[in-house]
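>>> pasting the structure only:
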């Protein structure tokens, strides 16, 4: 399947499920906005309890006049508006917050800030994982040719996405730890430190460039193969990436092309860039899912002409009684399970199976059996029960 055909399939699938996708994306954006607002208000609520009121200035830094004395002493180099800034790294913000110089005042506030930030990260991870899993359920149904609805959103696979995000976070910690350890080892020798940083950055860039298609599609493979365990599916996803590296790079190229278009729009009109980014985000989420699902269908033997077509009904056993014979249900063939099995009595070519026993008329009668089998009334006999007069005379021979 060519890149253009796969991109066309992605666009058709996206249009089929666009109403449900945009509705859930709007809910996700509103939920995250509420979480961020709560986080910001919690910081303002915790600040007065963590920092004494005497630590704040009585005069704003933009107005002339002496600053309030620092608790336990005065500010070093007390100055008026336009004087030197004693808080170099903080700039004007630090000049207006003298309590940043005292660790005893900052420590309680930073502790509450850390817990609030950790809660925000955890909520964001769970929300993002659930939205990704639900988007996959909608996309998978649209990929099969059906039109997903709002109720088709499911959270199946959320824990897999969450586990994948945790693995990425741990990998980033390991990469940062290696950089810090190398810097600590070679910080005294500038030449070795520079050489280490160059080699480290080149190796890291090469590894990321090689793995970027896998990093972008592994979570989709984890959702598509939920019948296996997490670690088994993760290993299979890397094998899948190596088999289809060229096709997956097509997905990366498409995503980069969309990113370039957004950057150009941002240079032209920033507000337009924000609106287009919100509009294109659901499509960017569907893009890797269709790429992986189409490749999996190709591996299963599906043809490109079948993509997006409704799934065929499952075959049912025929009434012929032959084991292993399957016939597909369709509107052109009658359903033999719903109609009674009747037999045309006028069809004399088909007779029910009977044991191979000689007819009564074919058995010669003896004097001993003549009295045991009296003749029946001819009016009550059927055509098949009439005696053969040519072979059975009226008077038996002794």
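Good, I have the coordinates. In this text the structure is predicted, and so the values were computed from the model without any measurement. Numbers count the residues shown, from 1 in each chain.
>>> now do the buried residues in stretch 153-172.
By neighbour count on 16 or more other CB atoms under 10 Å, the buried set for stretch 153-172 is 153, 157, 158, 160, 161, 162, 163, 164, 165. (C-beta placed from N, C-alpha, C; glycine too.)
>>> residue 210 should be in a helix, yeah?
Yes - the assignment for residue 210 by DSSP: H, G, I helix; E, B strand; the rest coil puts it in a helix.
>>> how much space between it and residue 268?
Counting by CB to CB, to the nearest Å, the gap from residue 210 to residue 268 is 34 Å.
>>> between these two, who's got more neighbours?
Per other CB atoms under 10 Å, whichever of residue 210 and residue 268 has more neighbours is residue 210, with 12 against 9.
>>> can you pull out the residues in contact with stretch 155-167?
125-126, 128-130, 132-134, 136-137, 218-219, 222-223, 226, 230, 233-234 (CB atoms under 8 Å, 6 or more residues apart in numbering).
>>> give me that answer again for 6 Å
125, 129, 130, 132, 133, 219, 222, 223, 226, 230 (CB atoms under 6 Å, 6 or more residues apart in numbering).
>>> can you give me the strands in the stretch 201-350 of the chain?
Assignment of strands within the stretch 201-350 of the chain using DSSP state E, counting those that start in this stretch yields the ranges 316-317, 326-327.
>>> which residues touch the residue nearest to residue 138 when sequence neighbours are not counted?
Excluding the flanking residues, the one nearest residue 138 by CB to CB, 6 or more residues apart in numbering is residue 148, at 4.4 Å. Taking CB under 6 Å, 6+ apart as the criterion, residue 148 is in contact with 17, 20, 138, 141, 142.
>>> look at residue 144 and say how many residues are nearby.
Counted with other CB under 10 Å, the neighbours of residue 144 add up to 16.
>>> for it, phi and psi?
phi -80, psi 0 (degrees, to the nearest 10).
>>> enumerate every residue touching residue 185.
Contacts of residue 185 (CB under 6 Å, 6+ apart): none.
>>> please read the previous query as pertaining to residue 20.
For residue 20, the contact set (CB under 6 Å, 6+ apart) comprises 138, 148, 149, 150.
>>> re earlier: so which of the contacts of residue 148 is the closest to residue 194?
For the contacts of residue 148, the residue nearest residue 194 by CB to CB is residue 138; the value is 50.3 Å.
>>> okay, now the closest one: neighbour count?
Neighbours of residue 138 (other CB under 10 Å): 28.
>>> could you report the pLDDT at it?
Residue 138 carries a pLDDT value of 93.
>>> use 593 as the first number from now on
All set: I'll call the first residue 593, so the last point we hit is now residue 730.
>>> tell me who's in contact with it.
Taking CB under 6 Å, 6+ apart as the test, what residue 730 contacts is 609, 612, 613, 740, 744.
>>> what sits against the last one?
What that stands for is residue 744. If you count contacts by CB under 6 Å, 6+ apart, then residue 744 has 730, 733 around it.
>>> now it: how far from residue 722?
14 Å.
>>> helix or strand: which one has the residue nearest to residue 730?
For residue 740, there is no enclosing helix or strand under DSSP states H and E.
>>> now the helices for the stretch 743-892 of the chain?
Ranges of helices in the stretch 743-892 of the chain, per DSSP state H, counting those that start in this stretch, are 750-778, 782-816, 822-835, 837-860, 862-891.
>>> residue 632: which of the ones you listed is closest?
Taking those one by one with CB to CB, helix 862-891 is closest: 19.9 Å.
>>> tell me what that closest one is packed against?
If you count contacts as 3 or more CB pairs under 6 Å, 6 or more residues apart in numbering; DSSP states H and E, helix 862-891 packs onto helix 595-642, helix 695-735, helix 782-816, helix 837-860.
>>> could you dump the ones you listed to TSV with distance to residue 767?
Putting those into TSV (distance: least, CB to CB, whole Å) gives the following:
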stretch	distance to residue 767
helix 595-642	27
helix 695-735	19
helix 782-816	7
helix 837-860	20
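>>> okay, those, which one's buried deepest?
helix 695-735 (a mean of 17; mean count of other CB atoms under 10 Å).
>>> what angle sits between that one and helix 595-642?
150 degrees (axes from the mean of the first three to the mean of the last three CA atoms, to 10 degrees).
>>> next, the angle from helix 695-735 to helix 862-891.
50 degrees.
>>> any figure for the gap between residue 627 and residue 633?
11 Å.
>>> with residue 844 instead?
Taking CB to CB, one finds residue 844 at 40 Å from residue 633.
>>> out of the contacts of residue 740, which is nearest to residue 835?
Nearest member of the contacts of residue 740 to residue 835, counting by CB to CB, is residue 734, at 25.2 Å.
>>> how about the contacts made by that closest one?
Residue 734 touches 605, 608, 609, 740, counting by CB under 6 Å, 6+ apart.
>>> now, among these, which is nearest to residue 852?
residue 605 (23.3 Å).
>>> my guess is the closest one meets residue 735, correct?
Yes - with contact defined as CB atoms under 6 Å, residue 605 reaches residue 735; the gap is 5.3 Å.
>>> and residue 638, what pLDDT?
pLDDT, read off for residue 638, is 62.
>>> correction: the previous question concerned residue 836.
Taking residue 836 on its own, its pLDDT is 92.
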